[in-house]
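Engineer: Next input, structure requested:
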Amino acid sequence: MFYHVVYVSSASQPFSKPALLDLLEKARSKNSSLGVTGMLLFKEGNFMQVLEGEQETVKNLAKTIERDPRHRDFILLLQGTSEQRYFSDWSMGFRDLRDKDIPKTPGYTEFMNSPLTGAEFSKDKNRCLKLLLLFKKNM
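Structural biologist: Predicted coordinates for the structure are as follows:
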């Protein structure tokens with residue numbers, strides 16, 4: 001069984017593209033060494049991320065992220081187990097939703113314009129996983 005969490009958070013200060021890519025590079029390296037897979041979405045200063053792997057590892061990583069001073073308003077949206085990984089081939093998939101070419105993504109819908117906030121996804125917590133899987137399918 002694999003454990004997964006999906007959270008949203010806001011950047012405590014603006015991220016430049018180079019800073020975002022640096023964060024991603026470090027996350028990919030760390031996650032790979034921990035056996036964690038997942039996907040990170042970023043839009044308008046907000047993050048949505050799914051992490052999956054061994055339960056204690058994923059829980060500890062989520063706690064580390066929650067305490068990271070680059071994040072604020074960390075909200076755990078979804079957690080659970082599955083028999084297989086949703087993002088098995090992804091050390092950390094990434095998409096910057098500020099990209100002007102997002103509407104050209106195959107399967108694009110207005111759903112992709114949803115703000116990455118707890119208020120938006122707390123109403124239907126499964127929407128966050130649907131959004132992440134939609135990007136996985138079309139990247």
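
Engineer: Which elements pack onto the lengthiest helix in the chain?
Structural biologist: Taking DSSP state H as the criterion, the chain has its longest helix at helix 17-34. Contact analysis of helix 17-34 by 3 or more CB pairs under 8 Å, 6 or more residues apart in numbering; DSSP states H and E lists strand 37-43, helix 55-67, strand 93-96 as its packing neighbours. To be clear about C-beta, it is placed using only N, CA and C from the backbone, and glycine gets the same treatment.

Engineer: what's the angle from the second one to helix 17-34?
Structural biologist: The reference is to helix 55-67. Helix 55-67 and helix 17-34 are oriented at 160 degrees to each other (axes from the mean of the first three to the mean of the last three CA atoms, to 10 degrees).

Engineer: cool, and the first one?
Structural biologist: Using the same axes, to 10 degrees, the interaxial angle of strand 37-43 with respect to helix 17-34 works out to 160 degrees.

Engineer: Confidence-wise, which helix or strand of the protein is lowest on average?
Structural biologist: strand 93-96 (a mean of 55; mean pLDDT, DSSP states H and E).

Engineer: which one of the helices and strands packed on helix 17-34 lies closest to V5?
Structural biologist: V5 lies closest to helix 55-67 among those, at 5.0 Å (CB to CB).

Engineer: Provide the contact partners of the closest one at residue level.
Structural biologist: Residues outside helix 55-67 that contact it (CB atoms under 8 Å, 6 or more residues apart in numbering) are 3-5, 7, 9, 31, 34-36, 49, 51-52, 71, 74, 76, 81.
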